[in-house]
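Asker: next come a sequence and a model predicted from it.
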Amino acid sequence: MLGSAADGEPTGESMKRADFNVTASRRCVRRRDVLSLMAGAATWTTSLYAQKLAMPVIGYLCAESPELFASRLKAFHEGLGETGFVEGRNVAIDYQWAEGQYARLPALAATLAARNVDVVVAPGGAQVALAAKAAIANNVIVFEMGGDPVQLGVVDSLSRPGGNITGISSLSVDVSPKRLELMHELLPTAAKLAVVANPTSPTANSQLQKLRSAAETLGVDLQVLNASTENEFEPIFSTMAREAGGLVFTSDPYFAFRSRRLAEFAMKYRVPAITQSRDFPIAGGLMSYGGDFAQSHRRAGMYVGRILKGQKPSDLPVQLVTKVELIINVKAAKLLGREFSPSLVSGADEVIE
């Protein structure tokens, strides 16, 4: 017989109950362990989320795409890093990309205002800065542009910008007439040169006024052509190919960020052209003359860092990046059947062979 109540030994039934109790106890322990781990994980996740929320947040408003803006964004991060801020480590960035659809800028700026970010960065031209200023009343704004921010009504003055906005200007808009001079130097016998302007740009009229004055001084007729979409690029180049003239592009971010496309058409139709952006000759175009965008975006990053550390935008004067650079592509000139003068080559900041 397997034990009995009489001799004090456990019966089969009592042993089964004991085994069940042990098993149930182990299950309770395991359940407590799991619940404890889950609670710990939840606490860790909540802590991590709170840590991220504690980071200052930069709102980055851009008219273009991440791909087209990559080199400018890199320079901005470098400037931000110089002040001790690194994205994902001690600062977060809320990117709003218009993907080349400039009409979306006001709505994207309103989105950043609603999210109440610490600083809004408005890089890449007057249209971005104006959209940010119109939509954002309470957040700090740091702009980066090539136009005159006082003339455009973005700030009250360069030394005392006033309110919640300051930034960087390369004033590359002012050097558009110099592009005309450089094209005339390359084509001294050309009786007519063409200028391409973006009619939707806030700086188009002022640039054209200065270009007309420069053309009169040089003694050349100026033909004004308009382009605000990529579909208008090729007809302009095909027309100039028949007229055997040169093209001068006004300072405009829409043109600057489509440098590769412009270079392709310039080579396809064998048209000498000059733009503001170094991206144009790097992509195979003839030459460029304009502000140093890497420096202006880096300085914008530094200003954002200084504001995150407590400085007021009204105490930070608008910085001017006065450096302009001439980039020429000798290989492109040969393909076009042209030759740069020795003085132009010696005066270039970079020569692409």
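Answerer: Looks like it arrived, so ask away. Given the structure is predicted, the values throughout are model-derived calculations rather than measurements. Residues are numbered from 1 along each chain as shown.

Asker: going by C-alpha atoms from here, please, whenever you check contacts or count neighbours.
Answerer: OK.

Asker: now the terminal residues of stretch 149-158, how far apart.
Answerer: End-to-end distance of stretch 149-158 (Cα to Cα, to the nearest Å): 8 Å.

Asker: touching that stretch from outside, list them.
Answerer: The contact list for stretch 149-158 (Cα atoms under 8 Å, 6 or more residues apart in numbering) reads 126, 129-130, 133, 161-162, 165-166, 169, 202-203, 317-319.

Asker: please indicate which of those are buried?
Answerer: By neighbour count, with 16 or more other Cα atoms under 10 Å, these hold 126, 129-130, 133, 161-162, 165-166, 169, 202-203, 317-319 as buried.

Asker: between these, which is nearest Asp349?
Answerer: Distance to Asp349 across these (Cα to Cα) is lowest for Ser169, with 20.4 Å.

Asker: rewinding a little: next, format the contacts of stretch 149-158 as TSV and append pLDDT.
Answerer: Shown next, in TSV, are the contacts of stretch 149-158 (pLDDT from 0 to 100):
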residue	pLDDT
Ala126	94
Ala129	96
Leu130	96
Lys133	96
Pro161	92
Gly162	83
Ile165	96
Thr166	97
Ser169	95
Pro202	92
Thr203	93
Pro317	97
Val318	97
Gln319	96
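
Asker: just the ones of those residues in strands?
Answerer: With DSSP state E as the criterion, strands contain Ile165, Thr166, Ser169, Gln319 from among the contacts of stretch 149-158.

Asker: please name the nearest non-neighbouring residue to Asp315.
Answerer: Leaving aside its chain neighbours, Asp315 sits nearest to Arg160 (7.1 Å; criterion: Cα to Cα, 6 or more residues apart in numbering).

Asker: residue ranges for the strands of this protein, please.
Answerer: Remark: strands assigned in the chain by DSSP E are 57-62, 92-97, 119-123, 140-145, 165-169, 192-197, 221-226, 247-249, 273-275, 287-291, 319-320, 324-329, 350-352.

Asker: okay, these, which one's buried deepest?
Answerer: Ranked by mean neighbour count, the strands of the chain are led by strand 165-169 with a mean of 29 (mean count of other Cα atoms under 10 Å).

Asker: mind listing what that one pairs with, with the direction of each?
Answerer: Using DSSP bridges, the strands paired with strand 165-169 are strand 140-145 (parallel), strand 319-320 (parallel).

Asker: what about Ser71, how many neighbours?
Answerer: When neighbours are defined as other Cα atoms under 10 Å, Ser71 has 13 of them.

Asker: actually, Leu158.
Answerer: Residues near Leu158, counting by other Cα under 10 Å: 19.

Asker: sweet, I'm off.
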